[in-house]
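S.K.: I would like to see how this sequence folds:
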Amino acid sequence: MASAAENAAIIRRGYELFNSGNLEELATLFVEDAVWHVGGRNQFSGEKRGRDACFAYFGRIGELTGGTLRAELHDVVGGETHTVGVQTTTGERDGKRLSEHTVLLFHLRDGKIAECWEHYEDSRHLDDFWG
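M.R.: All right, here's what the predicted structure looks like:
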């Protein structure tokens, strides 16, 4: 089992890779059967099961925002099995702007991301953005 500090470092690295668009290297931080949970009532809401489904989701949100979606990391709080990323999610799409305080709760297994839950400050604003 990885330490809290090791898990926090993994998540920080994940943010760096996501924001730089390096999805190939980011994929190495995920277990093959990873699950990603998206709340709200929009086209992305629900579970993405498997690393490929998670990365199809990342690719689609990047495509729809013209590559403008960013996760501005404020802090990471590490634990031995769960680690939290506190961020502001920003992006632009079809003349709409997104700027949401967001918390991602990660479950890590063997030093890799196994599951994640996205939590937004205003899920209605997020739903409107993804429309």
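S.K.: Okay, and residue 24 sits in which element?
M.R.: helix 23-27 (DSSP states H and E).
S.K.: what helices or strands is that helix leaning on?
M.R.: Packing partners of helix 23-27 (3 or more C-beta pairs under 8 Å, 6 or more residues apart in numbering; DSSP states H and E): helix 4-20, helix 51-64. Any C-beta I mention is one placed from the backbone N, CA and C, and that applies to glycine too.
S.K.: State the mean pLDDT of the shortest one.
M.R.: Think helix 51-64. Taken as a whole, helix 51-64 has an average pLDDT of 97.
S.K.: a strand runs through residue 35, doesn't it?
M.R.: Yes - the assignment for residue 35 is a strand, going by DSSP: H, G, I helix; E, B strand; the rest coil.
S.K.: got a list of what it touches?
M.R.: Contacts for residue 35 (C-beta atoms under 8 Å, 6 or more residues apart in numbering) come out as 47-50, 54, 114-116.
S.K.: For PyMOL, write the selection for the buried entries among these.
M.R.: Entered in PyMOL, the line below selects the buried ones among the contacts of residue 35, by 16 or more other C-beta atoms under 10 Å:
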select buried, resi 48+50+54+114+115+116
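S.K.: In helices, which of the contacts of residue 35 appear?
M.R.: Cross-referencing the contacts of residue 35 against helices under DSSP state H gives residue 54.
S.K.: Now do the same for residue 67: helix, strand or coil?
M.R.: Following three-state DSSP, residue 67 is assigned to coil.
S.K.: For stretch 58-76, what is the distance to the chain centroid?
M.R.: In terms of C-alpha atoms, centre = their mean, to the nearest Å, the centre of stretch 58-76 is found 8 Å from the chain centre.
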